[in-house]
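> Need a 3D model of the sequence below.
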Amino acid sequence: MRSLSIILPLTLLLLSSTGATAQIADSTARPIDRVPTRSGTLVKVSTGLTRGLGSGYWGVSLPVVVGAEHHLTSAISVYGNGFAGIKLGRSNPLADGSRAPLIHEYGFDLGVRYYYNQEKRRQKERATGPFVGNYLAVQTTTVFNQLHYNPYRYSTLTAIWGMQRRLGKYGWFDAYVGAGVDRRPGYTYYSPYGNFRQRSYWEITPELGIKFSLGSRITTH
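Take a look at the predicted model:
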């Protein structure tokens with residue numbers, strides 16, 4: 001009986017100390033990394049190989065894009081861009097003797113992005129996080145051109161694969177490729193030699209772009 005009275009308290013003491021040790025280990029264990037759910041809204045000013053870049057009898061134009069992207073979840077975002085081709089230097093006179101306007105091509109696009117494999121990229125220590133990674137997107141674009149007889153040029157609906165990366169603290173790199181359809185509007189051209197009517201039509205169009213941007217997140221949630 002005496003030995004039992006000694007063993008029982010020792011057993012209880014050992015069990016209590018083991019539980020305390022396990023509790024401390026759990027509390028100090030490193031949490032598993034997850035893709036951040038907080039992202040906010042990213043605002044960017046961009047240029048590069050995109051709509052608005054061009055050259056012709058009217059001169060040379062440089063594209064300027066102002067856009068915003070907002071994450072709905074850690075993987076899905078919505079975005080919108082306004083773009084314009086800014087004419088550089090002097091240009092040859094137009095047919096009526098006037099000069100080409102400072103902005104000839106302009107428009108906007110709206111889209112939805114899905115950043116895929118975020119958790120897998122994070123586990124492999126690849127670039128990931130809010131607004132960073134490889135993505136699939138669906139985008140619609142509308143383009144106008146002041147040098148054309150009919151300023152409204154076309155609207156597109158495209159499927160896109162792309163990648164977006166950070167360049168330092170405020171720099172961003174976005175490259176994408178895809179394809180879709182565009183609708184060219186119909187119009188009637190009047191001239192002294194007669195009238196010409198162009199019917200509206202659809203065609204397959206590629207989508208390709210490389211943008212270098214300065215941008216920053218302005219909100220978080």
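> could you pull out the strands for this structure?
41-49, 54-56, 59-71, 76-88, 103-115, 133-145, 152-167, 171-184, 187-191, 194-198, 201-219 (DSSP state E).
> buried residues in the second one?
Taking 16 or more other C-beta atoms under 10 Å as the neighbour-count basis, strand 54-56 is seen to contain the buried residues residue 54. To be clear about C-beta, it is placed using only N, CA and C from the backbone, and glycine gets the same treatment.
> again, but for stretch 68-82
For stretch 68-82, burial by neighbour count (16+ other C-beta under 10 Å) applies to 69-71, 74-75, 77, 79, 81.
> Which one of the strands of the chain lies nearest to residue 121?
Among these, strand 133-145 comes nearest to residue 121, with 6.2 Å by C-beta to C-beta.
> The closest one - contacts with which helices or strands?
The helices and strands touching strand 133-145, judged by 3 or more C-beta pairs under 8 Å, 6 or more residues apart in numbering; DSSP states H and E, are strand 103-115, helix 118-123, strand 152-167, strand 171-184.
> Single out the most deeply packed of the ones you listed.
strand 103-115 (a mean of 19; mean count of other C-beta atoms under 10 Å).
> partner strands of that one, parallel or antiparallel?
With DSSP bridges as the test, strand 103-115 is paired with strand 76-88 (antiparallel), strand 133-145 (antiparallel).
> can you list the ones you listed in JSON lines and add distance to residue 210?
As requested, the strands paired with strand 103-115 are arranged in JSON lines below (distance: least, C-beta to C-beta, whole Å):
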{"stretch": "strand 76-88", "distance to residue 210": "14"}
{"stretch": "strand 133-145", "distance to residue 210": "15"}
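> Adding mean pLDDT, write those out as a markdown table.
Formatted as a markdown table, these follow (pLDDT from 0 to 100):
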| stretch | mean pLDDT |
| --- | --- |
| strand 76-88 | 95 |
| strand 133-145 | 96 |
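> which one of the ones you listed lies closest to residue 186?
strand 133-145 (16.0 Å).
> Report how many residues lie close to residue 170.
Residue 170: 11 surrounding residues under other C-beta atoms under 10 Å.
> and residue 29, what pLDDT?
In this model, residue 29 is scored at 40, pLDDT.
> and the two most separated of the buried residues of stretch 68-82?
The largest separation in the buried residues of stretch 68-82, counting by C-beta to C-beta, is between 74 and 81 at 22.1 Å.
> From residue 53, how far off is residue 162?
18 Å (C-beta to C-beta, to the nearest Å).
> same thing with residue 62?
According to C-beta to C-beta, residue 62 and residue 53 sit 7 Å apart.
> Then residue 154?
Plainly put, residue 154 is 17 Å away from residue 53 if you go by C-beta to C-beta.
> for residue 133, same thing?
26 Å.
> Same check on residue 105?
Using C-beta to C-beta, residue 105 is found at 9 Å from residue 53.
> now residue 54, nearest residue through space, not along the chain?
residue 61 (5.2 Å; C-beta to C-beta, 6 or more residues apart in numbering).
> could you redo the strands of the chain as CSV and give each row distance to residue 122?
Output for the strands of the chain, formatted as CSV (distance: least, C-beta to C-beta, whole Å):
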stretch, distance to residue 122
strand 41-49, 19
strand 54-56, 40
strand 59-71, 16
strand 76-88, 17
strand 103-115, 11
strand 133-145, 9
strand 152-167, 15
strand 171-184, 19
strand 187-191, 51
strand 194-198, 52
strand 201-219, 19
